[in-house]
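Visitor: Okay, predicted coordinates and the sequence, questions at the end:
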Amino acid sequence: MLLLDANVCIDVLRGRRDVAARLEAHGPAGLFLCSVVKAELAFGARLTIDPLRAADVVDAFCAPFPSLPFDDACVDAYARLRAELRTAGTTIGANDLAIAAIALTHDLGLVSDDRGAFARVPDLNVVSWRDS
């Protein structure tokens with residue numbers, strides 16, 4: 001079971017064939033989005049020349065996937081990770097930290113190509129769907 005990061009969703013929305021093929025081969029079963037990723041996608045849609053159309057495209061893309069919230073169940077994982085990373089001097093962005101906390105709380109791997117940030121998160125299984 002896997003959580004999709006925003007960069008993977010954006011790859012698919014922009015027509016990146018290798019990532020889209022992996023998504024299609026996997027199918028929606030066992031794939032999740034989260035509220036933080038959906039917020040990032042909605043923000044990106046607002047920055048386009050046609051935000052209403054882009055929002056519709058994002059909504060249609062997101063529809064098949066269950067969405068996990070950043071809720072009280074994620075608080076401990078977030079706090080632990082933030083403290084560990086800060087102590088080690090290897091902090092990551094707030095959104096990435098929340099996404100990692102959601103993945104760990106729900107025992108999900110994370111499909112992302114932001115290996116620089118997520119590689120710092122202990123016990124997080126990060127996979128890439130890009131061919132290169």
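Guide: Perfect, thanks for sending it.
Visitor: tell me which residues of the worst-scoring helix or strand of the chain on mean pLDDT are tucked away?
Guide: None of the helices or strands of the chain scores lower by mean pLDDT, DSSP states H and E than helix 115-118, at a mean of 88. Neighbour counts over helix 115-118 (16 or more other Cβ atoms under 10 Å) mark 117, 118 as buried. Glycine gets a C-beta too; all of them are placed from N, C-alpha and C.
Visitor: pLDDT on the helix or strand following that helix, on average?
Guide: Downstream of helix 115-118, the next assigned helix or strand under DSSP states H and E is strand 126-127. Across strand 126-127, the average pLDDT comes to 95.
Visitor: now do stretch 80-94
Guide: 96.
Visitor: distance between stretch 67-74 and the chain's centre?
Guide: 13 Å (Cα atoms, centre = their mean, to the nearest Å).
Visitor: actually stretch 10-22, sorry about that
Guide: 14 Å.
Visitor: CA atoms only for it - export them in PDB, please.
Guide: Output of stretch 10-22 as PDB, limited to C-alpha atoms (Å, rounded to 0.1, in the frame of the first residue of the first chain):
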ATOM      1  CA  ILE A  10       2.100  16.200 -11.200                       C
ATOM      2  CA  ASP A  11       4.100  13.800 -13.400                       C
ATOM      3  CA  VAL A  12       0.900  11.900 -14.300                       C
ATOM      4  CA  LEU A  13      -1.100  15.100 -14.900                       C
ATOM      5  CA  ARG A  14       1.700  16.500 -17.200                       C
ATOM      6  CA  GLY A  15       1.800  13.300 -19.200                       C
ATOM      7  CA  ARG A  16       5.000  11.700 -18.000                       C
ATOM      8  CA  ARG A  17       4.500   8.300 -19.600                       C
ATOM      9  CA  ASP A  18       6.800   6.200 -17.400                       C
ATOM     10  CA  VAL A  19       5.100   7.400 -14.200                       C
ATOM     11  CA  ALA A  20       1.600   7.200 -15.700                       C
ATOM     12  CA  ALA A  21       2.300   3.600 -16.900                       C
ATOM     13  CA  ARG A  22       3.300   2.600 -13.400                       C
END
